[in-house]
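Participant: Provided below for reference: sequence and predicted model.
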Amino acid sequence: MVVGTEEQQTAPAAATTALTVIVALSVSHLLNDTIQSLISAVYPVLKESYALTYTQIGLITLAFQLTASLLQPLVGLYTDRRPLPFSLTLGMSVTLGGLLLLSVANTFPLILLAAALVGVGSAVFHPEASRVARLASGGRHGFAQSLFQVGGNAGSAAGPLLAAFVVVPWGQGSIAWFSVAAVAAMVILFRVGRWYRAHLAARVMKKSRPTLPPVSAGKAAFAIGVLLCLIFSKYFYLASLSSYYTLYLIETFDVSVQGAQVRLFVFLGAVAAGTFLGGPVGDRVGFKAVIWGSILGVLPFTLILPYSNLFWTTVLTVPIGLILASAFSAIMVYAQELLPSRVGMVAGLFFGFAFGMGGLGAAVLGWLADQTSIGYVYKVCSCLPLIGLLTALLPNLRSSR
């Protein structure tokens, strides 16, 4: 697949259509991740209903994240060679099946299966949607990736709020009501698939030069390894908040379930805002600079958080979410520029690794919380942003300066 040349050949008249495609992908990402976030958002309900331990809660997250983690790079690698325009709709249908199963699952194995199905749907959705967003970007890669990503993070923020005011009062069965979101996403993605199919047909009519990578293969592989280490630090820390923040607030400050969900919404809303900022800023000042600021800049706030009262805990999660979340879009675009002919594989690798680290982090931190306390988990995780110092090892790319 040739990305740079295609984007340079995009006609100005297609700009509005391309923006419409990116917005459609962002809305679909919002709906997809709203469904995903319901899994972690209903942990307090599932924990009380089925007497689950922290370890079991971590395993639920792991079941979801592991299927997505293992499958996403494979999906991306395959579709780099054989694009599948309507795979987005198919992936969303699998997510719909997992959602409906979660609404009726009454045993721990069934809950795990439901989470795994949602993970499979995500594995299909993310690499291909990221590729289409890049193709529709008109060369504004950071903007397109951020706009696509912000939809997902907005959905992740909406999930806990919806869980607080829908699932908590009405019970586990009310999760099925959110199937409307999955069906709506399938309709939108079918229309995106038609645009993508037409784009592929037009590409066949053109012959273009391959885009040369900015660094050697060895340097690119090393840089990818560094970026994966940064993803590890980001998503291990995010797992501590997305999976256990509500339980931490309930146990430490004795807040209600709904009060904890609202505070989780505040944090995830900050994550959504930070996600959008990273890409456009990276288009202007360089993606390496954004990576530096976003991962290492969050360290003072994470170090203070475990020792704060309820008010300051709520306040501190806002800059943590804003700063930390700005990294992902920058990391994704930087990695795609390292390997411009493997956009789908890179998207699948990084989405998959992020999901895997989130799942592994949830499982490990759940076990640690059972062995010690949930407060101790946050003290341990507060130092994770120090891994951001590895950013110094990344090469300066011509297109990222």
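Facilitator: Here it is on my side, so go on. Numbering: from 1, shown residues only.
Participant: from here on, contacts and neighbour counts on C-alpha atoms
Facilitator: Fine.
Participant: low-scoring stretches of the protein, by residue?
Facilitator: The chain contains residues with pLDDT under 70 at 1-17, 201-213, 355, 359, 398-401.
Participant: remind me, longest helix of it?
Facilitator: The helix spanning the most residues in the chain, taking DSSP state H as the definition, is helix 217-253.
Participant: just the buried positions in that one, please.
Facilitator: The neighbour-count check on helix 217-253 (16 or more other Cα atoms under 10 Å) flags 220, 223-224, 226-250 as buried.
Participant: what lies in contact with stretch 365-373?
Facilitator: T53, Y54, T55, Q56, I57, G58, S240, I374, G375, Y376, V377 (Cα atoms under 8 Å, 6 or more residues apart in numbering).
Participant: show me what the helix or strand harbouring the last one is packed up against.
Facilitator: Same thing as V377. If you go by DSSP states H and E, V377 is part of helix 374-381. The contact analysis (3 or more Cα pairs under 8 Å, 6 or more residues apart in numbering; DSSP states H and E) places helix 374-381 against helix 217-253, helix 343-371.
Participant: how about the ones you listed, which one is nearest I331?
Facilitator: helix 217-253 (6.8 Å; Cα to Cα).
Participant: distance between the closest one and the chain's centre?
Facilitator: 11 Å (Cα atoms, centre = their mean, to the nearest Å).
Participant: check stretch 36-43 too.
Facilitator: 14 Å.
Participant: output that stretch as CSV, restricted to C-alpha atoms.
Facilitator: In CSV, the C-alpha atoms belonging to stretch 36-43 read as follows (Å, rounded to 0.1, in the frame of the first residue of the first chain):
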residue,chain,number,x,y,z
GLN,A,36,-16.3,-1.4,25.2
SER,A,37,-16.2,0.9,28.2
LEU,A,38,-19.4,-0.7,29.6
ILE,A,39,-17.4,-3.8,30.5
SER,A,40,-15.2,-2.0,33.0
ALA,A,41,-18.0,0.5,34.0
VAL,A,42,-20.2,-2.3,35.3
TYR,A,43,-17.5,-3.9,37.4
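Participant: identify the residues contacting it?
Facilitator: 57, 61, 115, 118, 155-157, 159-160, 163, 167-168, 175, 242-243, 261.
Participant: what sits against A163?
Facilitator: L38, A41, V42, Q261.
Participant: try it again at 10 Å.
Facilitator: Neighbouring residues of A163 by Cα atoms under 10 Å, 6 or more residues apart in numbering: 37-43, 45, 169-172, 174-175, 257-258, 261-262.
Participant: also T95?
Facilitator: Each residue near T95 by Cα under 10 Å, 6+ apart is listed here: 32, 35-36, 89, 101, 114-125, 179, 182.
Participant: over to V380?
Facilitator: Applying Cα under 10 Å, 6+ apart, one finds that V380 lies in contact with Y237, L303, P306, L365, L368.
Participant: return the distance of the last one relative to A330.
Facilitator: Separation of L368 from A330 (Cα to Cα, to the nearest Å) stands at 31 Å.
Participant: and the two? which has more neighbours close in?
Facilitator: A330 (32 against 17; other Cα atoms under 10 Å).
Participant: check which helix or strand the more buried one maps to.
Facilitator: Secondary structure from DSSP H and E places A330 in helix 310-338.
Participant: could you list every helix and strand in contact with that helix?
Facilitator: helix 108-135, helix 141-162, helix 217-253, helix 257-285, helix 287-296, helix 299-304, helix 343-371 (3 or more Cα pairs under 10 Å, 6 or more residues apart in numbering; DSSP states H and E).
Participant: out of the ones you listed, which gets nearest to A24?
Facilitator: helix 141-162 (8.7 Å).
Participant: mind saving the C-alpha coords of the closest one as CSV?
Facilitator: Presented in CSV, the C-alpha positions along helix 141-162 are these (Å, rounded to 0.1, in the frame of the first residue of the first chain):
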residue,chain,number,x,y,z
HIS,A,141,-2.1,12.7,9.6
GLY,A,142,-2.0,13.9,13.2
PHE,A,143,-5.3,15.7,12.8
ALA,A,144,-7.0,12.7,11.2
GLN,A,145,-5.7,10.3,13.8
SER,A,146,-6.6,12.6,16.7
LEU,A,147,-10.1,13.2,15.4
PHE,A,148,-10.6,9.4,14.9
GLN,A,149,-9.1,8.7,18.4
VAL,A,150,-11.1,11.4,20.2
GLY,A,151,-14.3,9.6,19.2
GLY,A,152,-13.1,6.5,20.9
ASN,A,153,-12.1,8.3,24.1
ALA,A,154,-15.3,10.2,24.2
GLY,A,155,-17.1,6.9,24.0
SER,A,156,-14.9,5.5,26.8
ALA,A,157,-15.9,8.5,28.9
ALA,A,158,-19.6,8.2,28.2
GLY,A,159,-19.7,4.5,29.2
PRO,A,160,-19.2,5.0,32.9
LEU,A,161,-21.8,7.8,32.9
LEU,A,162,-24.3,5.7,31.1
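Participant: what angle separates that helix from helix 287-296?
Facilitator: Using axes from the mean of the first three to the mean of the last three Cα atoms, to 10 degrees, one finds that helix 141-162 and helix 287-296 are set 30 degrees apart in direction.
Participant: thanks a lot, catch you later.
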